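Engineer: Kindly generate the corresponding structure for this input.
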Amino acid sequence: MNANNYRIKTLLFVLLSVVSFLQCTKDREPTAPTEIERPKSLAIIPAEGELAIPLNSKVSMIFDEPMDISTFPGHFFLRDLMGNNIAGTFSPNDSIVLFTPNVALNKASFYFAELRGRVRDINRNSIQLNNEPILDDTTLLLSTWFYTEGDYSNGGFYNIYVRDKKDGRIIFLRDLDSITAPISSLNSPDGLTVSDDGDYLIISNTNNNEVIIASAEDGTILKKITVAANPTSCTTSGGYAYVVSVNGKAISKINLITQSLENSYSLTFFPGKLAVSADGNTLYTFDQVTRDVVLINSNNGSVIKRIRNAVTNLVVGEIRVDKVTGNIYICDSKGRKVKVTDSEGNNLQDYISFAAGIEPIDIIFFDNYAFIIAGNSVYKYDKATATLLNTLSFTTGVKSLCVVPTGEILYITLASSVAIIDNSSARLLKEIDLVSTGINTIISNSKKF
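Structural biologist: Here you go, the predicted structure:
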């Protein structure tokens with residue numbers, strides 16, 4: 001073999017060896033001196049379960065080094081609640097990859113994001129997870145879900161208030177889910193409502209035989225008014241608050257403008273629960289012995305009418321008035337029914353009946369819907385037809401419910417927590433532990449501060 005043939009064969013061998021080496025190590029191209037460490041995924045923003053996300057938000061994927069943007073299409077997905085893909089573009093910002101939707105996100109909506117598979121850094125190194133290289137297209141690297149802002153968050157949030165009878169406090173939920181307890185040291189509060197203008201909280205401080213007027217903005221106590229024994233349920237109409245005193249056999253009429261007791265109507269029976277007509281002229285309460293619903297003139301305290309034997313055995317459930325139709329709804333818990341009559345107490349009839357063991361305790365109206373609390377569940381009905389639309393069930397008893405004025409969100413009190421629910425999809429947004437077994441009433445303000 002001559003020298004030239006030897007050199008050619010040697011060169012071919014070296015070239016074949018290099019090609020073979022590159023084929024075997026194609027996932028680690030290029031080799032030294034360029035960096036060959038595999039990248040790591042660190043986090044994704046918005047964080048899991050974050051709420052009130054702006055509609056023009058981007059999704060940020062954070063890594064420990066700059067990434068190759070071209071490897072992200074087909075590996076990152078942003079989907080809505082129905083599973084529809086949201087189109088968008090990718091862009092780098094140092095070691096962050098941004099996904100920008102092509103159009104604004106929908107209001108008060110769920111979105112789910114996930115990154116999967118073999119994305120690469122700018123040196124073409126495939127990503128690692130748990131110190132292992134990811135060489136497939138399906139392994140989940142990052143994921144999150146979030147809930148966008150809606151009318152509920154335009155110009156701020158509605159204050160939500162929770163009555164905690166056991167610990168003697170009124171808890172505020174601000175900015176959707178931020179907890180404070182500015183009103184404390186109460187003595188077994190058994191009633192809570194908010195004035196029609198949204199400025200005041202009215203609290204029955206039951207064992208102190210007083211009604212408290214407090215700022216609905218920050219909880220500052222403005223006035224304490226002595227009333228008849230054991231004030232419980234309270235309601236408002238216009239510039240007045242009305243409070244039932246069970247053992248005192250009275251209804252107190254409080255002027256919210258002067259913040260004073262305007263009148264106390266003596267009763268011949270032990271009252272329970274309280275509601276007021278849409279026009280403010282009639283009060284509705286129970287006679288706890290006869291279990292009649294008693295209609296009372298709110299201007300002078302005279303009894304207008306009795307609806308005989310409206311509930312079965314015990315007064316447990318609430319009386320509520322639909323402010324749109326004026327109809328009165330009576331929760332006959334032990335009879336396992338919700339009953340309805342007109343504003344004058346005529347033609348009492350069954351509205352909804354429940355199976356054995358399911359006792360309705362409250363009914364709340366919003367728009368064309370009625371929400372009935374019974375046992376461990378909330379039942380959503382078409383108000384006009386009484387058609388059941390949905391059922392929300394929990395592991396503990398449901399105590400109270402409110403709907404924010406814009407309608408997107410429900411707040412539900414459970415044994416020791418508050419569940420925040422998306423009204424449209426009936427999906428849980430968040431559950432907040434209030435570390436008390438005495439929570440009950442939950443109400444929303446009608447204004448924002």
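Engineer: for the chain, what spans make up the helices?
Structural biologist: Taking DSSP state H, the helices of the chain run over residues 3-24.
Engineer: Any regions of it where pLDDT drops low?
Structural biologist: Applying pLDDT under 70 to the chain flags the ranges 1-35.
Engineer: domains in it, as residue ranges please.
Structural biologist: Taking automatic domain parsing as the reference, the chain has its domains at 1-25, 32-149, 152-448.
Engineer: right, and Thr220 touches Ala214 too?
Structural biologist: Yes - using CB atoms under 8 Å, Thr220 makes contact with Ala214 at a distance of 6.3 Å. Heads up, the C-betas are built off the backbone N, CA and C, glycines and all.
Engineer: which of these two has more neighbours?
Structural biologist: Between Thr220 and Ala214, Ala214 has the larger neighbour count (other CB atoms under 10 Å), namely 20 against 11.
Engineer: what's near enough to touch the closest residue to the more buried one other than its chain neighbours?
Structural biologist: Of all residues not flanking Ala214 in the chain, Leu201 sits nearest, at 4.5 Å (CB to CB, 6 or more residues apart in numbering). By CB atoms under 8 Å, 6 or more residues apart in numbering, the residues touching Leu201 are 161, 170, 183, 192-195, 212-216, 219.
Engineer: same question, Lys323
Structural biologist: Residues near Lys323 by CB under 8 Å, 6+ apart: Ala278, Phe365.
Engineer: so how far is Glu408 from Val372?
Structural biologist: One correction, residue 372 is Ile, not Val. 20 Å (CB to CB, to the nearest Å).
Engineer: Sorry, slip of the keys, the one I care about is Asn313.
Structural biologist: Remark: distance between Asn313 and Glu408 (CB to CB) = 38 Å.
Engineer: Who has more neighbours out of these two?
Structural biologist: Each of Asn313 and Glu408 has its neighbours counted (other CB under 10 Å); Glu408 has more, 20 against 10.
Engineer: check contacts around the more buried one.
Structural biologist: When contacts are counted by CB under 8 Å, 6+ apart, Glu408 touches Lys107, Ala108, Gly150, Asp151, Tyr152, Asp422, Asn423, Ser424.
Engineer: of all the residues you listed, which comes closest to Tyr379?
Structural biologist: Among those, Asn423 lies closest to Tyr379 (CB to CB), at 14.0 Å.
Engineer: what residues are up against that closest one?
Structural biologist: Val403, Gly407, Glu408, Ile409, Leu410.
Engineer: For the third one, which non-adjacent residue is closest in space?
Structural biologist: Looking back up the chat, that one is Glu408. Take Glu408 and drop its neighbours on the chain: the residue closest to it by CB to CB, 6+ apart is Ala108, 4.2 Å away.
Engineer: phi, psi of the one you found?
Structural biologist: Backbone torsions for Ala108, taken as degrees, to the nearest 10, come to phi 50, psi 50.
Engineer: Give me the neighbour count for it.
Structural biologist: Using other CB under 10 Å, Ala108 has 21 neighbouring residues.
Engineer: on that earlier part again, restricted to strands, list the contacts of Leu201.
Structural biologist: Tyr161, Ile170, Ile183, Leu192, Thr193, Val194, Ile212, Ile213, Ala214, Ser215 (DSSP state E).
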